[in-house]
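# coords below, sequence missing:
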């Protein structure tokens, strides 16, 4: 191949490379087709969480609870949620806990009030519910409850 033919071939390759751009699923430009179509390595938090609703009953008082948890763990690790109604100062932001054979749910008040935290504990029973106690500001045994699992 002559030098002139090699230069022409290289120019065609450069033009061809300039015409082909590869973009991955995240919108970033990558070097090759394989990189553009490979599965992403990172998982978003949404991929490892799900939600359920609980209803805590203590006589005439009912708390509405929405929980976000990781279904790939057991006991299921609670990653967030809210106590949406039924207790003074609702909503309360759920800060942690777990759901399994036992339940533990920790929450902090999101507004002003006389208490700052609530902790709910209990054990599983059939039909699907948790029987236990809850308390405020570090106490866990002030009030009895039955919490129904509504998922």
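Nice, I can see it. This is a predicted model, so every value here is computed, not measured.
# Can you show me the strands along the protein?
22-23, 29-30, 50-58, 61-70, 76-85, 92-99, 102-109, 117-125, 129-136, 143-149 (DSSP state E).
# where in the protein is pLDDT low?
1, 13-19, 24-27, 36, 39-47, 88, 151 (pLDDT under 70).
# Could I get the strands of the chain in CSV, plus columns for mean neighbour count and distance to residue 7?
Quick note: C-beta positions are derived from backbone N, CA and C, even for glycine. Formatted as CSV, those follow (neighbours: other C-beta atoms under 10 Å; distance: least, C-beta to C-beta, whole Å):
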stretch, mean neighbour count, distance to residue 7
strand 22-23, 12, 26
strand 29-30, 12, 28
strand 50-58, 17, 60
strand 61-70, 18, 59
strand 76-85, 18, 60
strand 92-99, 19, 66
strand 102-109, 20, 70
strand 117-125, 18, 75
strand 129-136, 19, 77
strand 143-149, 17, 73
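# can you put those strands in CSV and add distance to residue 11?
Formatted as CSV, the strands of the chain follow (distance: least, C-beta to C-beta, whole Å):
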stretch, distance to residue 11
strand 22-23, 21
strand 29-30, 23
strand 50-58, 55
strand 61-70, 55
strand 76-85, 56
strand 92-99, 62
strand 102-109, 66
strand 117-125, 71
strand 129-136, 73
strand 143-149, 68
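# wait, which of these is closest to residue 37?
strand 22-23 (8.5 Å; C-beta to C-beta).
# which other helices and strands contact that closest one?
strand 29-30, helix 33-37 (3 or more C-beta pairs under 8 Å, 6 or more residues apart in numbering; DSSP states H and E).
# residues touching the nearest residue to residue 57 once chain neighbours are set aside, list them.
Using C-beta to C-beta, 6 or more residues apart in numbering and skipping residues adjacent in sequence, the residue nearest residue 57 is residue 146, 5.1 Å away. Each residue near residue 146 by C-beta atoms under 8 Å, 6 or more residues apart in numbering is listed here: 56-58, 129-131.
# Residue 94 too?
By C-beta under 8 Å, 6+ apart, the neighbours of residue 94 are 65, 67-68, 78, 80-83, 105-107.
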